[in-house]
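Q: What follows is a predicted protein model with its sequence.
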Number of protein chains: 2
Amino acid sequence: MEAISIGLLGLGTVGSGVVKIIENHQDKIMHQVGCPVQVKKILVKNVKKEREVEITDDILLTVDANDILDDPEIDVVIEVMGGIEETRNILLKALKNKKQVVTANKDLMAVHGAELLQAASQNNCDLFYEASVAGGIPILRGLVDGLASDRIIKLMGIVNGTTNFILTKMSQQQRPYEDVLLEAQALGFAESDPTSDVEGLDAARKMTILATLGFSMNIGLEDVKVQGITNVTDDDIQYGKQLGYTMKLIGIAQRQEEKVEVSVQPTFIVDSHPLAAVNNEYNAVYVYGEAVGETMFYGPGAGSLPTATAVVSDLVNVLKNMRLGVNGKGAIAPQFKKKLKEPDEMFSKYFLRLQVVDEVGVFAEITSIFSQHGVSFEKILQLPVKEKGLAEIVLVTHHASLLNYENILLELRDLSSVRTVKSSYRVEGGTK
Amino acid sequence: MEAISIGLLGLGTVGSGVVKIIENHQDKIMHQVGCPVQVKKILVKNVKKEREVEITDDILLTVDANDILDDPEIDVVIEVMGGIEETRNILLKALKNKKQVVTANKDLMAVHGAELLQAASQNNCDLFYEASVAGGIPILRGLVDGLASDRIIKLMGIVNGTTNFILTKMSQQQRPYEDVLLEAQALGFAESDPTSDVEGLDAARKMTILATLGFSMNIGLEDVKVQGITNVTDDDIQYGKQLGYTMKLIGIAQRQEEKVEVSVQPTFIVDSHPLAAVNNEYNAVYVYGEAVGETMFYGPGAGSLPTATAVVSDLVNVLKNMRLGVNGKGAIAPQFKKKLKEPDEMFSKYFLRLQVVDEVGVFAEITSIFSQHGVSFEKILQLPVKEKGLAEIVLVTHHASLLNYENILLELRDLSSVRTVKSSYRVEGGTK
């Protein structure tokens, strides 16, 4: 039977993994799709560079994407080169030329996903991107298929391995952020410029993709409220521990009625919640569905082999569709028009740590501001501080609207008895 | 557009849930499959019985399965009636009459799965059974699709909610088995005859289905070594805690080279393993793939709504395939011939608790038996006992073959210094 030919865009660690898996699992793939599969051409930056994977003579390395895009024998294009604008143009041309597309590119899908999916559908081509979110976890397929008949109310994701590694070490070893960041960089878990990870942007891109699928609504990166972990202190983490919370960078997408909110922020999660046990570089996506209740998908969020595995799983699905002649029929346009919640519609619990003047009446002064805004407390903790004449108070509120909470913060900052607002975090996991 | 007609076999809590979901999610289903869906006929035992779900006048209740199987207008049969032999015959006839089939019946699939899947394939019909294992977790699809290009080395499942509830309470509240079982029965988490759950049979059926899919090999119920939780004591659990282990009823399916082993048994799992944090009635399936590494799927294992949700998700996939005209093409016959490991090829760590005579030389006598069989220790714990002249020893071995370990147990029982072998469990989770 004739082999199906693949064009590979990019030959970094993920690309090399894809080449290896296709070679090593030729039997298994053939068993599933009924014909052999071969990588025919690979786009690289430098043809002469030493590779960690052996490239046999029947594979052409090229620096010109058009060698692949214009080759009528190539049926499927796999994109693992990264980048946004140039890559968008390449994939649009691939789809126009009726190539099936598999991509692992979250940045691209977060920004141009809607446009690319539409182009795929118009050209009767598949565009699969399972590897773009939490490489090792088949979460996108889970959202589309497994929960097809449910209504997803809430998604919470630990979708960035670097920040989860850093927060885990800070928590378990009581070490400061800067110190652990250096270790993470030394171990290769953080890049030399860690901005995209530690400022929450990488997680925000993934939440954009998850929310778009989960709510069947075109959520854009600009709709996601983002806060990174650079201001999280080991003190905060230890205070949280005393109250039964674990600090995680959590992406949250939730809806009430027809309105949604999506955010990424350092969050205290109740210790008994399954996300609290997700440690080190691991990722997990927690899904609360109206009917099914709580589910969670756990696995490696990145790494070249898990990501390459997800890419090849997508490839197998593309190939099955090719054999059945049904490519491009799987994509479903978003069902709902985007409606975002306003700050008075976003409810959460909050953890607030204040340094206050240790005088009679101060506590009453502070709490009265909360009650004026109709916000009550779930937990209160007062602790001694080293500096004389000061006290430290940790408050955990019941559910409050973001609008109310921000107004409370403004008023607290104006109080002469409040020396510093040390930190403030969202709290999740207690009640739905 | 013409509606697709469903015949429902069974109207218990899951069947009622299916009726409700199809009604409530009509819009979402229609958006996905492009045409309306209606339940046309329902097989019940008693037509006049009061129902928890409203059955509109356009739905026919019948006590005769043939009313459904012989109705040419019915395209899809959903089986949620349970039972094995009679149900097998009904579904074989449904497939022969070219009905697509969705079933939630693990007992049936564990025993007759291979035959039914073959019949489905011969008749170009889908036979989907996602709801049969861990209702709320899309694990079967995860195994088939998500890990399509990986090689699964090991599956570990907490796949029975009743026993997980019991073990969680025994562990957290230091209560004995019988006491917690009564509570579980009162809460509806255990049946009045709990045998199938507590003796591990229910879990064994699910592991049969998981192993068959995961290893692409026809594993039968008779291939699964089963041990229940009725002999687990709260003492054992507390000793395990001291060593950093949590007690769970774990189904394990693993392979080395081309040989596999499948078992269900009470197991001490290392506290840092993600399965150790799966509590109460929740289920989880942990998958170790050669390329992807560790992943885990977590969710409700049963319950009428989660199970009904999984059934309707399968239904949506059947309907999509109908629209594409590709039913019956998804099933893949097992790729490999079944090869089971022998006891000298099954390796594990073991926890062993002995009551011994408290005399000089006894410890040396015991440990020399282990070393004669080439088995060494990872952990040793000696504890005082109330009874005078006795000591209690807990040993955790390094990896040992089952054959060696059983021989050691035989020899230990023969020693006059060993008063009782109090308990022995498999230990998992440390190294792969």
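A: Arrived safely.

Q: Can you name every helix or strand that the longest helix seen in chain A contacts?
A: With DSSP state H setting the assignment, residue counts place helix A:304-324 as the longest helix in chain A. For helix A:304-324, the elements it packs on are strand A:4-9, helix A:13-24, helix A:26-33, strand A:74-79, strand A:100-103, strand A:127-128, judged by 3 or more C-beta pairs under 8 Å, 6 or more residues apart in numbering or on different chains; DSSP states H and E. Any C-beta I mention is one placed from the backbone N, CA and C, and that applies to glycine too.

Q: Can you mark which positions in it are buried?
A: Within helix A:304-324, the residues that qualify as buried are A:304-323, counting by 16 or more other C-beta atoms under 10 Å in any protein chain shown.

Q: Which one of the helices and strands packed on helix A:304-324 has the poorest average confidence?
A: Per-segment mean pLDDT for the helices and strands packed on helix A:304-324 reaches its minimum on helix A:26-33, at a mean of 83.

Q: next helix or strand past that one?
A: Sequence-wise, the next helix or strand beyond helix A:26-33 is strand A:37-43, with elements assigned using DSSP states H and E.

Q: Buried ones in the next helix or strand after that next one, by neighbour count?
A: Towards the C-terminus, the helix or strand next in line after strand A:37-43, according to DSSP H and E, is strand A:60-62. Neighbour counts using 16+ other C-beta under 10 Å place A:L60, A:L61 of strand A:60-62 among the buried residues.

Q: Can you tell me what sits against strand A:60-62?
A: Residues from elsewhere that reach strand A:60-62 (C-beta atoms under 8 Å, 6 or more residues apart in numbering or on different chains): A:L11, A:K40, A:K41, A:I42, A:L43, A:V44, A:V47, A:I55, A:D67, A:I68.

Q: Tell me the one among these nearest to A:M247.
A: Proximity of those to A:M247 (C-beta to C-beta) peaks at A:L11, which lies at 38.1 Å.

Q: how about A:R141, phi and psi?
A: Here is the backbone geometry of A:R141 (degrees, to the nearest 10): phi -60, psi -40.

Q: re earlier: compare the helices and strands packed on helix A:304-324 and give me the one nearest B:D236.
A: When the helices and strands packed on helix A:304-324 are ranked by proximity to B:D236, the top entry is helix A:26-33, at 41.1 Å, counting by C-beta to C-beta.

Q: can that closest one be found next to chain B?
A: Yes: using C-beta under 8 Å from any C-beta of the partner chain, we find that helix A:26-33 touches chain B at A:D27, A:K28, A:I29, A:H31, A:Q32.

Q: Closest to A:A277 out of those?
A: The closest of those to A:A277 turns out to be A:K28 (C-beta to C-beta; 32.4 Å).

Q: Distance to B:L412 and mean neighbour count for the helices and strands packed on helix A:304-324 - can I get that in CSV?
A: Converted to CSV, the helices and strands packed on helix A:304-324 look like this (distance: least, C-beta to C-beta, whole Å; neighbours: other C-beta atoms under 10 Å in any protein chain shown):
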stretch, distance to B:L412, mean neighbour count
strand A:4-9, 58, 24
helix A:13-24, 44, 22
helix A:26-33, 44, 17
strand A:74-79, 57, 25
strand A:100-103, 56, 27
strand A:127-128, 56, 27
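
Q: which residues of chain A fall in helices?
A: Counting by DSSP H, chain A has helices at residues A:13-24, A:26-33, A:65-69, A:85-96, A:106-122, A:139-141, A:161-173, A:177-187, A:195-198, A:201-215, A:234-242, A:304-324, A:362-372, A:402-414.

Q: can you pull the contacts of A:I250?
A: The contact partners of A:I250, by C-beta under 8 Å, 6+ apart, come to A:M156, A:G157, A:I158, A:V264, A:Q265, A:P266, A:T267, A:I269, A:L275, A:R426, A:E428.

Q: Also A:N66?
A: Contacts of A:N66 by C-beta under 8 Å, 6+ apart: none found.

Q: can you list the domains in chain A?
A: If the domains of chain A are taken from the TED database, they occupy A:4-135+A:304-324, A:139-300, A:347-428, with pieces of a single domain joined by a plus sign.

Q: Include distance to B:N89 when you put these into a markdown table, please.
A: Supplementary listing: these in a markdown table, determined by distance: least, C-beta to C-beta, whole Å:
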| stretch | distance to B:N89 |
| --- | --- |
| domain A:4-135+A:304-324 | 31 |
| domain A:139-300 | 28 |
| domain A:347-428 | 50 |
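
Q: do you know how far the closest residue to A:T208 other than its chain neighbours is from A:V159?
A: By the measure of C-beta to C-beta, 6 or more residues apart in numbering or on different chains, the closest residue to A:T208 outside its immediate chain neighbours is A:A110, 4.3 Å from it. Counting by C-beta to C-beta, to the nearest Å, the separation of A:A110 from A:V159 is 12 Å.

Q: So for those two, which sits in the more crowded spot?
A: When A:A110 is set against A:V159 and neighbours are counted by other C-beta atoms under 10 Å in any protein chain shown, the residue ahead is A:V159, at 30 against 24.

Q: tally of neighbours for the nearest residue to the more buried one once chain neighbours are set aside?
A: Closest residue to A:V159 in three dimensions, ignoring its sequence neighbours and counting by C-beta to C-beta, 6+ apart: A:K206, at 4.3 Å. Residues lying near A:K206 (other C-beta under 10 Å) number 26.

Q: Quick check, A:K206 in contact with A:G157.
A: Yes: A:K206 lies in contact with A:G157 (C-beta atoms under 8 Å); the separation is 6.8 Å.

Q: what residues do the two have in common as contacts?
A: Taking C-beta under 8 Å, 6+ apart as the contact criterion, the residues that touch both A:K206 and A:G157 are A:A134, A:G251.

Q: in stretch A:287-305, what counts as buried?
A: Buried positions in stretch A:287-305, judged by neighbour count with 16+ other C-beta under 10 Å: A:287-305.

Q: Stretch A:407-421 now?
A: Residues A:N407, A:I408, A:L412, A:V418, A:R419 are the ones in stretch A:407-421 that count as buried (16+ other C-beta under 10 Å).

Q: List the residues that contact the fourth one.
A: What that stands for is A:V418. Under the criterion of C-beta under 8 Å, 6+ apart, the contact partners of A:V418 comprise A:L354, A:Q355, A:V356, A:V357, A:I366, A:L412.

Q: and if we set it to 10 Å?
A: A:V418 is in contact with A:L354, A:Q355, A:V356, A:V357, A:V362, A:E365, A:I366, A:I369, A:I393, A:E411, A:L412, counting by C-beta atoms under 10 Å, 6 or more residues apart in numbering or on different chains.

Q: bridging residues for it?
A: Legend: beta-bridge partners of A:V418 under DSSP bridges are A:V356.

Q: for chain B, what are the nearby residues on the stretch 101-250 of chain A?
A: Residues of the stretch 101-250 of chain A that fall close to chain B, judged by C-beta under 10 Å from any C-beta of the partner chain: A:130, A:134-151, A:216.

Q: try 6 Å this time
A: Residues of the stretch 101-250 of chain A found near chain B, taking C-beta under 6 Å from any C-beta of the partner chain as the criterion, are A:G136, A:I137, A:P138, A:R141, A:G142, A:D145, A:G146, A:A148, A:S149, A:D150.

Q: residue contacts, the residue in the stretch 301-432 of chain A positioned nearest to chain B?
A: For the stretch 301-432 of chain A and chain B, the shortest gap (C-beta to the nearest C-beta) falls at A:V312, measuring 3.4 Å. Residues counted as contacts of A:V312 (C-beta atoms under 6 Å, 6 or more residues apart in numbering or on different chains) are A:I21, B:S149.

Q: any idea of the pLDDT on it?
A: At A:V312 the predicted local confidence, pLDDT, stands at 93.

Q: again with A:E52
A: Each residue has a pLDDT score; the one for A:E52 is 83.

Q: In this structure it contacts A:G17, no?
A: No: under the criterion of C-beta atoms under 6 Å, A:E52 makes no contact with A:G17, lying 9.6 Å away.

Q: can you pull the contacts of A:Y129?
A: For A:Y129, the contacting residues are A:T103, A:M109, taking C-beta under 6 Å, 6+ apart as the criterion.

Q: What separation is there between it and chain B?
A: Using C-beta to the nearest C-beta, to the nearest Å, one obtains 13 Å as the distance from A:Y129 to chain B.

Q: Fine by me, thanks again.
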